[in-house]
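Visitor: All I have is the shape, not the residue letters:
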Ligand code: SF4
Ligand code: SF4
Ligand code: FES
C-alpha cells in the first residue's frame, strides 16, 4: 500500500512496511549510513542514518525505523547534521590518522563521511587505540586500531559465509572484533574468502600484499618471471585504471605485464579447461560405477577449507582435482621450465586473481613438490593494478599482444567457471558432448544459472539421469543439507563461497564489486553464447597439451600431479 509522507517539506510516496531509508532512497534522497548492509536486517548500531521526525523527541535511525503515514521528516536539518558530525568526530577521536599509508586510502567510508560532513578540525581527542597488527593469516591483515566496531565483518562472516570466525570480544572500552579467544587469525576458522574485507568500511581489514616481493623478484636477473591471470582480471584492471573494458584489453594487459618485466604470460583459463576435463572424467567414472554419492567440485579454495573444518564427512567425496590456478602453476614449473631450459626453482611464478583465498591455497600442503611451490606469489586484481600504476605505464597508448604458448587460450566454458553454477554447467556440457557427440542446448541450464543460494537441475544424458546441485554462497549449504536429508540424491555438487561466484571475489576493485557482479556475469554469459570455442574438448590449446606436451613430459605424463588430497582440520571455535 502506498501513502504520502512529507520529507524536507515535500511530499513523497512511501510503501507500508518499508523503512524510512528505503522510502528516501527510492525517491532519490541520500543520507549516510555506516553499519547498514543491503540485504541484512538493520541493527541501528551506528546511528549515522538519523533523521528528525516531527513529534519525536529523539532522532530516529532511518535504516531500522518503518515509515508511517503521518510522518514529517527532516533529513538534513542542523540538528541532524550536528548529530552525524558528532558520530564521525567521535570515531575519529581515537583513529590513527594515517590515511596516506592506509590500504583503504580513497576507498574508506570514514574518510568519505568526514569529507561529506565537512569535518576540518579535530575537536575531540581520545586515547588512541593500542595498535595491533595481525599479519598471521596468509590472506588477510587485521589492523585493530582502525576498527570502528560497525560489526559488518562479524555479520557477513556469520550470516553469509557461516564460518563465524569473527565476533565482538570483551566489553566497554575494551570491546574489539577478533577471532575466538582473541587468538591471531591463523588460529581461527577463517577460510580466507575475504568477504569481510569487502564490507569493512575502513582499513581495519585488508588483503595481505605481495607487491613488495613481486617487485623484488621482478628485479632479479637470475629468475624467469612468469605470470598467469584469471579471466576476470583484465576487466577488473580496466575498472581500477578507469578504462572502459572491451575484450581487446585482455591483449593490452599482456603488453602491460611484459613492460613491467614478466617474461612469460599465461591465462589461468587453460588450467580451468584442464580442471573441467578432469572433473568430467571423474564424474563419468562415478556414474559408470553407479555411485550413489555426489561428487563435490573442489575448485573454490575457501569452500575446500570450510569442508575440511566443518564438513569432514564429505571429504572422501570432494573431487581431488587441483584448482585452475594450481594446475596452471604446475604446467609453468614443468612444461615451461623444460621449454625454457631452466630449473623450476629458477622460475618465479605469480598468479593474479579475483580470489583472496588463493593466497592461502598456494601455500597448502600438497601444492609443493620437492620444496618448490607451483605458484610463488598470488596477487589480487587491486594489487596488480597498484603494481601497474607503480611502473607508470601509459595504458591508453600501447599495442596489444597475445599470451604465450602453451597456456595461450581458454574456452568460454572456462570463463563460465567464474560465475556460480558455471563450473557445474561446463562439466555437464562436456559430459553431454562426450556421450552424445553434440552440444547441449543452453536453455537446459537456465535453472543452474540464477535464483537464490541453492539451485538444482536434472539432465538426461544418454540413458542416465544426472542430478546437479549448485550452492551459491555457503549460506546455501543448509538448503543442500535439507534437500539431501529429505532423500534427494545428487551426482554433482558445485559450491562457491562468494555469492555469485568469482565475479564477486574479494580481490576485485572495491568501488564496484557488489554492484558489478551481475554485469560481470552477463558479460561472461554473452561471450559463451557467441564464442565458437565453448568446450575444452574443442580447444586446440588443450588438445596440444593433452595429446602431446603433457603426454611426452616424464614428470607429468601420467597426470597424477593434477590431483591432491584433503584432510580434516581442527579449529578453535
Ligand atoms: S575471510 Fe571470510 S571466513 Fe575469514 S573472517 Fe572474513 S568473512 Fe569470515
Ligand atoms: S573490522 Fe571493519 S567491518 Fe569489522 S567491525 Fe571493524 S570496522 Fe567494522
Ligand atoms: S546505518 Fe542506520 S544505524 Fe547504522
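Guide: Done, it's in. Computed from a predicted model, the values in this text were never measured in an experiment. Ligands and ions are numbered 1, 2, ... in the order given.
Visitor: where's the closest residue to residue 319 other than its chain neighbours, which helix or strand?
Guide: Once flanking residues are discounted, residue 319 sits nearest to residue 298: 4.6 Å by Cβ to Cβ, 6 or more residues apart in numbering. Using the backbone N, CA and C atoms, a C-beta is placed for each residue, glycine as well. Applying DSSP states H and E as the criterion places residue 298 outside every helix and strand.
Visitor: Could you check how far residue 298 is from ligand 2?
Guide: 29 Å (Cβ to the nearest ligand atom, to the nearest Å).
Visitor: what are the phi and psi values for the residue of the stretch 1-150 of the chain found nearest ligand 1?
Guide: Per Cβ to the nearest ligand atom, residue 140 is where the stretch 1-150 of the chain lies closest to ligand 1, at 5.7 Å. For residue 140, the backbone dihedrals (degrees, to the nearest 10) come out as phi -130, psi 140.
Visitor: Share the number of residues neighbouring it, please.
Guide: Here the number of neighbours of residue 140 (other Cβ atoms under 10 Å) works out to 26.
Visitor: Could you do residue 553 as well?
Guide: Neighbours of residue 553 under the rule other Cβ under 10 Å: 17.
Visitor: can you check residue 432 too?
Guide: Neighbours of residue 432 (other Cβ under 10 Å): 22.
Visitor: So it versus residue 466, what's the distance?
Guide: When distance is defined by Cβ to Cβ, to the nearest Å, residue 432 is 9 Å away from residue 466.
Visitor: Please list all residues in contact with residue 505.
Guide: Residue 505 sits next to 194, 232, 353-356, 498, 513 when contact means Cβ atoms under 8 Å, 6 or more residues apart in numbering.
Visitor: from those residues, which single one is nearest residue 363?
Guide: Closest approach between the contacts of residue 505 and residue 363, by Cβ to Cβ: residue 356, at 13.0 Å.
Visitor: Distance-wise, check the closest one relative to residue 210.
Guide: Residue 356 is 11 Å from residue 210, by Cβ to Cβ.
Visitor: Would you map the helices across the stretch 201-350 of the chain?
Guide: When assigned using DSSP state H, counting those that start in this stretch, the helices of the stretch 201-350 of the chain occupy the ranges 211-218, 233-240, 248-260, 268-288, 301-310, 324-331, 337-340.
Visitor: one step back: just grab the bridge partners of the residue of the stretch 1-150 of the chain closest to ligand 1 for me.
Guide: As for beta bridges, residue 140 partners with residue 207 under DSSP bridges.
Visitor: Just the closest residue of the stretch 51-200 of the chain to ligand 3, please.
Guide: The nearest approach of the stretch 51-200 of the chain to ligand 3 comes at residue 63, 3.3 Å away (Cβ to the nearest ligand atom).
Visitor: Find the residue closest to the residue nearest the centre of the chain in space, skipping its chain neighbours.
Guide: By Cα atoms, centre = their mean, the chain has its centre lying nearest to residue 505, at 1.5 Å. Nearest non-adjacent residue to residue 505, counting by Cβ to Cβ, 6+ apart: residue 354, 3.3 Å away.
Visitor: Thought residue 230 was touching the one you found, still the case?
Guide: Yes: the pair residue 354 and residue 230 passes the contact test of Cβ atoms under 8 Å, sitting 6.3 Å apart.
Visitor: residues in the stretch 51-200 of the chain within reach of ligand 1, list them.
Guide: Counting by Cβ under 6 Å from any ligand atom, the residues of the stretch 51-200 of the chain close to ligand 1 are 140, 156-157, 161, 163, 165-166, 190-196.
Visitor: Recalculate using a threshold of 5 Å.
Guide: Taking Cβ under 5 Å from any ligand atom as the contact definition, the stretch 51-200 of the chain meets ligand 1 at 157, 161, 163, 165-166, 190-191, 193, 195-196.
Visitor: Adding secondary structure and pLDDT as columns, could you present these in CSV?
Guide: Formatted as CSV, these follow (DSSP: H, G, I helix; E, B strand; the rest coil; pLDDT from 0 to 100):
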residue, secondary structure, pLDDT
157, helix, 96
161, coil, 95
163, coil, 93
165, coil, 94
166, coil, 95
190, coil, 96
191, coil, 96
193, coil, 97
195, helix, 96
196, helix, 97
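Visitor: Just the buried residues of those.
Guide: The neighbour count (16 or more other Cβ atoms under 10 Å) marks 157, 161, 163, 165-166, 190-191, 193, 195-196 as buried among these.
Visitor: quick check, nearest of these to residue 322?
Guide: Nearest to residue 322 among those: residue 191, at 17.7 Å, using Cβ to Cβ.
Visitor: got the contact list for the closest one?
Guide: So residue 191 contacts 161, 163, 165, 302-303, 305-306, 309, 357, 497 (Cβ under 8 Å, 6+ apart).
Visitor: who are the neighbours in contact with residue 323?
Guide: Taking Cβ under 8 Å, 6+ apart, we find residue 323 in contact with 271, 275, 298-301, 358, 361.
Visitor: on that earlier part again, looks like the residue of the stretch 51-200 of the chain closest to ligand 3 contacts residue 41 (just checking).
Guide: No: using Cβ under 8 Å, residue 63 makes no contact with residue 41, being 10.1 Å away.
Visitor: Comparing residue 356 and residue 210, which residue is more hemmed in?
Guide: With neighbours defined as other Cβ under 10 Å, residue 356 and residue 210 compare such that residue 356 has more, 29 against 21.
Visitor: Correct me if wrong: that one contacts residue 193.
Guide: Yes: with contacts counted by Cβ under 8 Å, residue 356 reaches residue 193, the gap being 6.7 Å.
Visitor: anything in contact with each of those two?
Guide: Taking Cβ under 8 Å, 6+ apart as the criterion, residue 356 and residue 193 both touch residue 506.
Visitor: any common contacting residues for residue 432 and residue 466?
Guide: The contact lists of residue 432 and residue 466 share residue 459, where a contact means Cβ under 8 Å, 6+ apart.
Visitor: the bottom helix or strand of this structure by mean pLDDT?
Guide: helix 513-530 (a mean of 80; mean pLDDT, DSSP states H and E).
Visitor: just the angle between that one and helix 233-240, please?
Guide: Counting by axes from the mean of the first three to the mean of the last three Cα atoms, to 10 degrees, helix 513-530 lies at 140 degrees to helix 233-240.
Visitor: Show me what counts as buried in the next helix or strand after helix 513-530.
Guide: Counting by DSSP H and E, the next helix or strand C-terminal to helix 513-530 is helix 540-544. For helix 540-544, burial by neighbour count (16+ other Cβ under 10 Å) applies to 541-542.
Visitor: now for helix 540-544, which elements pack on it?
Guide: For helix 540-544, the packing partners by 3 or more Cβ pairs under 8 Å, 6 or more residues apart in numbering; DSSP states H and E come out as helix 268-288.
Visitor: Remind me what the helix it packs on packs against, helices and strands.
Guide: The helices and strands touching helix 268-288, judged by 3+ Cβ pairs under 8 Å, 6+ apart, are strand 224-229, strand 295-296, helix 324-331, helix 412-416, helix 422-436, helix 540-544.
Visitor: pLDDT weak spots in the stretch 51-200 of the chain?
Guide: Counting by pLDDT under 70, the stretch 51-200 of the chain has low-confidence residues at 128-129.
Visitor: Mind doing that once more with 90?
Guide: Counting by pLDDT under 90, the ranges of the stretch 51-200 of the chain that qualify are 70, 94, 97-98, 121-132, 170-176, 180-184, 186-187.
Visitor: And the strands in it?
Guide: Counting by DSSP state E, counting those that start in this stretch, the stretch 51-200 of the chain has strands at residues 60-61, 72-74, 133-134, 140-143, 167-169, 176-178.
Visitor: The third one - contacts with which helices or strands?
Guide: Same thing as strand 133-134. By 3+ Cβ pairs under 8 Å, 6+ apart, strand 133-134 packs against strand 140-143.
Visitor: Show residues contacting the strand it packs on.
Guide: Strand 140-143 is contacted from outside by 103, 131-135, 178, 185, 190, 192, 194, 196-197, 203-208, 356, using Cβ under 8 Å, 6+ apart.
Visitor: Would you list the buried entries among those residues?
Guide: Among those, the ones that count as buried by 16+ other Cβ under 10 Å are 103, 134, 178, 185, 190, 192, 194, 196-197, 203-208, 356.
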